[in-house]
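# Sequence isn't available, so here's the structure alone:
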DNA sequence: ACATTTTTTGACCAAATGGACAGAAAAACG
DNA sequence: CGTTTTTCTGTCCATTTGGTCAAAAAATGT
């Protein structure tokens, strides 16, 4: 029998992990189409059939990567709490998303490419889990807005705006670097955090009467 | 001689145009790697060698598409005028960019994919023309900010934010639709325009004393 | 130690694909 | 018209690439 068996052995966990890490490197740069089994095998320091042995196909690796990442990806939004201070909650969410762009740029690009190309593999997940979560949090934000604890805002579009702006720093880093190339990575993300904090604060802080 | 001749004939203009339009369809969906000459030829209703006859290679089509689009893509930013009312200028820019996402989603995706994959073909352009333009307009915005005609803001990051948010509606339309699927395209973009106008207005309108 | 299962690889294959080429068809030109 | 140039296509080819397979090597179980 092969790795289909019930309990994955120590070696199976190890090798599959190695492959997934190597594949993330390759897929995030070349995309699904551009990536080759040979490149992945090379990056993982294995032979090509070995990679196939553990995952069956290139697609399977890609799909598993996406699925295992989705949860991590959504966790900052999940953590937005109805109990907290509205502005704080949003600003914390923005900062966490920005930090994910800094610390997990490959993952960000992986998702971006997937969605950009029509989300052929994550369609159901997006229409299901993601939508549910977004709708739930949108309702919370709407509530805050209605109570006057947050400036009036369309919650769904607000969430889109947060995603777009924060992920921009990972997905389009080449462009960002071309324009702010004189800054170190640290300086860049620090200035981005400042900007985003100020920006969202201004846009969302409720007007006092 | 072939189409390298000095003056492109009527047929050359026609066919090259046809190919470019077909290629945009294919590239924006499948990306450079995923697109095939056969698909492009098919979409253009031609034979494969015919496409090669006019462009020489798949890459050449892709590159020409990108280059011919860059100017159009930047024109809204170019039109931001130092003479106008600051808030007006910015909000108009935001709206124009959003409309481009609505009216030219394929072009948006084409650029997004290119940048996402490291801009191997547009690198110089981005580091050159684009950076020059952005720096120029950033200086204008900074001036407005300093004069108190606009809320204090980092102009480069502001431009990134505008790009990110507006292009999000084209590049990640699958995700947007999955979440706001109940809206018609018109309703969606109308609500987005409302949101963005309000949002940037709040964030950028200078505080009155 | 022996049998069984799992892991690993070199060699190979079929399909897809970018593009070359020779020549046919059509247009342009005199 | 006839000649020349441009346009167009069927056929073919070399390369790349995802994946198979048989068998070797290593691990595991008893």
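Cool, the structure landed. Note that the coordinates shown come from a computational prediction; the quantities given were computed from them, not determined experimentally.
# Please pull up the helix or strand immediately following the helix or strand of chain A with the lowest mean pLDDT.
Of all the helices and strands that make up chain A, the one with the lowest confidence by mean pLDDT, DSSP states H and E is helix A:123-125; it has a mean of 80. For helix A:123-125, the following helix or strand on the C-terminal side (DSSP states H and E) is helix A:131-146.
# is that following helix anywhere near chain B?
Yes - residues of helix A:131-146 contacting chain B under CB under 8 Å from any CB of the partner chain: A:131, A:134, A:135. The way it works is simple: take the backbone N, C-alpha and C, and place the C-beta from them, glycine included.
# what does that helix rub up against?
Surrounding helix A:131-146, the residues in contact under the criterion CB atoms under 8 Å, 6 or more residues apart in numbering or on different chains are A:74, A:77-78, A:80, A:82, A:86, A:90, A:150-153, A:155-156, A:158-159, B:178-179.
# rerun that using 10 Å as the cut-off
Contacts with helix A:131-146, where a contact means CB atoms under 10 Å, 6 or more residues apart in numbering or on different chains, come from A:74, A:77-87, A:89-90, A:93, A:125-126, A:149-160, A:163, A:204, A:206, B:175, B:178-181.
# Quick one, which of those residues are buried?
Of all the contacts of helix A:131-146 considered here, the ones buried according to neighbour count by 16 or more other CB atoms under 10 Å in any protein chain shown are A:77, A:80, A:86-87, A:89-90, A:93, A:125-126, A:150-151, A:153-160, A:163, A:204, B:175, B:178-180.
# Can you classify residue A:151 by secondary structure?
For residue A:151, the reduced secondary structure class is coil; criterion used: DSSP: H, G, I helix; E, B strand; the rest coil.
# ok so, going back, from the residues of helix A:131-146 next to chain B, keep the buried residues only.
Neighbour counting by 16+ other CB under 10 Å classes A:131, A:134 among the residues of helix A:131-146 next to chain B as buried.
# and the residues of helix A:131-146 next to chain B as TSV, adding pLDDT and distance to residue A:19?
Formatted as TSV, the entries for these read as follows, by pLDDT from 0 to 100; distance: CB to CB, whole Å:
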residue	pLDDT	distance to residue A:19
A:131	94	31
A:134	97	32
A:135	96	36
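# picking up where we left off before, ok, the least confident helix or strand of chain A near chain B or not?
Yes - under the criterion of CB under 10 Å from any CB of the partner chain, helix A:123-125 makes contact with chain B via A:123, A:124, A:125.
# so which of the residues of helix A:131-146 next to chain B also contact DNA strand D?
Checked against DNA strand D using CB under 7 Å from any atom of the strand, the residues of helix A:131-146 next to chain B yield no neighbours at all.
# ok, which stretches of chain A are helices?
Using DSSP state H, the helices found in chain A span residues A:10-34, A:37-44, A:48-55, A:58-78, A:86-103, A:105-116, A:123-125, A:131-146, A:155-171, A:173-179, A:185-204.
# Compare the ones you listed and report which one is nearest to DNA strand C.
With respect to DNA strand C, and counting by CB to the nearest atom of the strand, the nearest of the helices of chain A is helix A:48-55 at 3.3 Å.
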